[in-house]
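Undergrad: Build me a model from this:
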Amino acid sequence: MNELWRTAEGVEAAVREVGAELAARRSTEPVTARTLDEAAARFAELDGPAAAGLRERLTALRPQAGWIPEEEADGPVPAEGEWWLCDATDGAVQYLLGHPHWAVTATLVRDGAAVLAVVHAPQLDGGRTYRAVLGGGATLDGRPIAPLEREPAAAVAATSQPPRVAADPVALRRAGESLSAMAGAVLAVRNLGPTALQVAQVGSGHLALFWEYGSDSGNLLPGALIASEAGAAVTDAAGAAWTAGSDSFLVAAPGLHARAVGVLRAVR
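TA: Numbers count the residues shown, from 1 in each chain. All right, here's what the predicted structure looks like:
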């Protein structure tokens, strides 16, 4: 535990440094790219150096850990050994459009499970940093966090879709059906940017619940550890244990979780 907490301090410092560099290069005006290729090229100019810098810093911290390539982050995580799973610019769309809802994430995976996670949003409310270690609780800007209980009628839920959901017609259909079901059960449904950040926000009470359909382990693992360590219930949409290989995800305050599962049962 102490070893991981010491590592977590170094990870947070690294993530903050990379976040500061990205924030300094980010315009408040939307990128002028008119096509997907143009947007991708512009993003690569910014994200490439940031990702390289993050990898260099984290490798120095824990040289024995491997590195999961970003293009493989949506799939199963290695079942053995230590691996870094990171996203230097989580929330690429928001970053390019000049919005503050983006983050730098770093997760240490050990034997198939996340054991350390940092999610840092450099430009959200002056900068917010979530951190968690397996078995050691979770913090926001250094303060312990916990989910807040709310009645469904007062709950703000959030959702998103994996990057390649269009290639998964089942997940795409479930996303639409679940949105209709949940919108009728809670105060409001929103998509507030990076998945990892929104899941972590359930752990701190800034959101009541978050759900998603499809394979998205790279985006879900860091927030899931933070929310779970904060005391939120983390499962799949049916209420079963969630793993990186699950095809759905649900996180909620404990008192709201069973009702959220009931709402999502309407999804075929």
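
Undergrad: buried ones in stretch 158-166?
TA: Neighbour-count burial for stretch 158-166 flags 158-162, 165 (criterion: 16 or more other Cβ atoms under 10 Å). For every residue, glycine as well, the C-beta is placed using N, CA and C.

Undergrad: Run the chain-centre distance for that stretch.
TA: Stretch 158-166 sits 12 Å away from the centroid of its parent chain (Cα atoms, centre = their mean, to the nearest Å).

Undergrad: what's next to it, contact-wise?
TA: With contact meaning Cβ atoms under 8 Å, 6 or more residues apart in numbering, stretch 158-166 is reached by 74, 168, 171-172, 175, 178-179, 182, 189-192, 195, 198, 201-202, 207, 209-216, 219.

Undergrad: got it, and stretch 46-62?
TA: Contacts to stretch 46-62, defined as Cβ under 8 Å, 6+ apart, come from residues 7, 10-11, 14-15, 17-18, 21-22, 25-26, 65, 67, 70, 82, 84, 86, 88-89, 92, 95, 104, 106, 108.

Undergrad: Could you do stretch 142-150 as well?
TA: The contact list for stretch 142-150 (Cβ under 8 Å, 6+ apart) reads 129-130, 137-139, 202-205, 208, 227, 230-232, 252-256.

Undergrad: Swap in 6 Å and give it another go.
TA: Contact with stretch 142-150 is made by 137-138, 202-205, 208, 230-232, 253, 255, as judged by Cβ atoms under 6 Å, 6 or more residues apart in numbering.

Undergrad: just to revisit the earlier point, out of the contacts of stretch 46-62, which sit inside helices?
TA: Members of the contacts of stretch 46-62 lying in helices (criterion: DSSP state H): 7, 10-11, 14-15, 17-18, 21-22, 25, 92, 95.

Undergrad: What backbone torsions are found at the nearest residue to residue 139 once chain neighbours are set aside?
TA: Leaving out its chain neighbours, the residue that sits closest to residue 139 by Cβ to Cβ, 6 or more residues apart in numbering is residue 131, at 5.2 Å. With angles defined as degrees, to the nearest 10, residue 131 sits at phi -150, psi 140.

Undergrad: what bridges to residue 131?
TA: As for beta bridges, residue 131 partners with residue 118, residue 139 under DSSP bridges.

Undergrad: residues contacting it?
TA: Residue 131 makes contact with 8, 12, 118, 139, according to Cβ under 6 Å, 6+ apart.

Undergrad: where exactly do the helices run in the stretch 101-250 of the chain?
TA: With DSSP state H, counting those that start in this stretch as the criterion, the stretch 101-250 of the chain has helices at 169-183, 195-203, 217-230.

Undergrad: Could I get the ones you listed in JSON lines, plus columns for mean neighbour count?
TA: Formatted as JSON lines, the helices of the stretch 101-250 of the chain follow (neighbours: other Cβ atoms under 10 Å):
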{"stretch": "helix 169-183", "mean neighbour count": "16"}
{"stretch": "helix 195-203", "mean neighbour count": "30"}
{"stretch": "helix 217-230", "mean neighbour count": "28"}
